[in-house]
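Participant: next come a sequence and a model predicted from it.
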Amino acid sequence: MSVSLQVSVRSVTVGRKRVLGLAQAVLECIGESSADMSVSLVGDGRMRRLNRQYRQKDRSTDVLAFAFREGVAPHRFNRSAAHLGDVIIALPTAERQAKAALRSVDEEIVALLIHGVLHLCGYDHERSADDALRMQRKERQVRRRLGPIARFVRPSRNGR
């Protein structure tokens, strides 16, 4: 199993080892411990472009998942059959959502990562109400199995 991480936001410092370990733990929790995936942490501008290009929605969103098992993905880190795909998280959106929900940015990113990985595995809350409930139950189950999460995101020292 291999997880790659790309961070393109300078306003925060990300504990890379912790994020990689978290992604690997999520894969283990859902029974995909031998699968590979990539995680990208991006800004709202990049997320808006991806959302417009791949979903025809001209706005940023919190998380996008590009499953290799289902089709084409914008990143090509590893095209092996074991590669699930790419999860892309917009950090500024995650920060806003965390603030609105009165929870930490770390908890928000954990929730978005779980959500994205489940999409890679075929879960889709937009298909039907039953599918949405199934996905929500699985998200809660995975989150409980992960246990406490150490802090891995903090503001950058340079203040940007």
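Facilitator: Arrived safely.
Participant: low-confidence ranges in this structure?
Facilitator: 1, 70-81, 156-160 (pLDDT under 70).
Participant: which residue ranges of it form strands?
Facilitator: Remark: strands assigned in the chain by DSSP state E are 2-7, 12-14, 36-42, 63-67, 83-90, 153-155.
Participant: and the second one, what other elements does it pack with?
Facilitator: By that I understand strand 12-14. Helices and strands touching strand 12-14, by 3 or more Cβ pairs under 8 Å, 6 or more residues apart in numbering; DSSP states H and E, are strand 153-155. Where you see a C-beta, it was placed from the backbone N, CA and C, and this is true even at glycine.
Participant: and with 10 Å instead?
Facilitator: strand 2-7, helix 91-101, strand 153-155 (3 or more Cβ pairs under 10 Å, 6 or more residues apart in numbering; DSSP states H and E).
Participant: same deal with the third one?
Facilitator: Taking 3+ Cβ pairs under 10 Å, 6+ apart as contact, the helices and strands that strand 36-42 lies on are strand 2-7, helix 16-29, helix 44-55, strand 63-67, strand 83-90, helix 91-101, helix 105-120.
Participant: which one of these lies nearest to residue 146?
Facilitator: helix 16-29 (5.8 Å; Cβ to Cβ).
Participant: pull the residues that contact the lengthiest helix in the chain.
Facilitator: Ranked by residue count and defined by DSSP state H, the top helix of the chain is helix 129-146. Here helix 129-146 makes contact (Cβ atoms under 10 Å, 6 or more residues apart in numbering) with 22, 25-26, 28-30, 107, 110-111, 113-115, 117-119, 121-128, 149.
Participant: let's go with 6 Å and repeat that
Facilitator: Residues outside helix 129-146 that contact it (Cβ atoms under 6 Å, 6 or more residues apart in numbering) are 25, 29, 114, 118, 123, 124, 125.
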